[in-house]
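Asker: My questions concern the predicted model and sequence given below.
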Amino acid sequence: MKTVTQLALVAACSWLSACATAQPPATELGSMPTDAQFPKVEFLFEERVHLAPAVVQGETAMGHRQYIPITGGTIAGPKLNGRVIPGGWDYQLRYASGCGTLSADYFLEADDGTIIHILNESFSCGMPGPGSQRFFFRPRFEAPEPYDWLTRGTFVATLEGDTSGEARDEDGNPVPAIRIKFYEIK
């Protein structure tokens, strides 16, 4: 007969086949993990996202609301190359405290024509720039084969302004852009 602790462990791990033979942790709760236990981070790709001017709703009961249309862009990196499909949105809500949320919802097209949905979410305080906090995002992907690994993985992304001047519209005119770097946590 199994103990309550064993039953709880089986119940907690039932969705993970790897836990079928789970053993108790070898270290005391709260002790520093070994180097081998720390997650690894792998750079996947970077986007240069072209933006239209912000559409400002203004002050609401929730805070300052605006959204920024995504007008396109490019993707380059060791794991994905392609383009940002025009038509997505970057929804922003800034609270009186200076903190705020961002939710960017858009689509990518890989070089082979595969369409990938991305939802990039963040909560942060302050604005990006020299000496400020870095912006981190929690991207979630929905992708068919051969990119279904994006749907199953765990990712983090960083954002910075694109000051290269390389972001151009179809007529060759400069457009505002941001750069987002994507990393997989392994």
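Answerer: Yep, that arrived.

Asker: Quick one: residues in contact with stretch 141-148.
Answerer: The contact list for stretch 141-148, computed with Cβ atoms under 8 Å, 6 or more residues apart in numbering, reads 80, 110, 112, 114-118, 149-151, 153, 155. Glycine gets a C-beta too; all of them are placed from N, C-alpha and C.

Asker: Helices along the chain, start to end?
Answerer: 4-13, 149-152 (DSSP state H).

Asker: quick revisit: okay, and which of the contacts of stretch 141-148 map to strands?
Answerer: The strands, defined by DSSP state E, take in Ala110, Ile115, Ile116, His117, Ile118, Phe155 from the contacts of stretch 141-148.

Asker: List the contacts of the third one.
Answerer: If I follow you right, that is Ile116. With contacts defined as Cβ under 8 Å, 6+ apart, Ile116 is in contact with Phe107, Leu108, Glu109, Ala110, Phe141, Glu142, Ala143, Tyr147, Leu150.

Asker: circling back: so which two of the ones in strands among the contacts of stretch 141-148 are the farthest from each other?
Answerer: The largest separation in the ones in strands among the contacts of stretch 141-148, counting by Cβ to Cβ, is between Ile115 and Phe155 at 18.1 Å.

Asker: So which of these two has more stuff around it?
Answerer: Phe155 (19 against 14; other Cβ atoms under 10 Å).

Asker: In terms of mean pLDDT, which of the helices of the chain ranks lowest?
Answerer: The stretch with the lowest mean pLDDT among the helices of the chain is helix 4-13, at a mean of 55.

Asker: What residues are bridge-paired with the residue nearest the centre of the chain?
Answerer: Compute the mean C-alpha point of the chain, and by Cα atoms, centre = their mean the closest residue is Pro139, 2.3 Å away. Counting by DSSP bridges, Pro139 is bridged to Asn120.

Asker: quick one: contacts for it?
Answerer: Applying Cβ under 8 Å, 6+ apart, the residues near Pro139 are Ile118, Leu119, Asn120, Glu121, Phe155, Val156, Ala157, Phe182.
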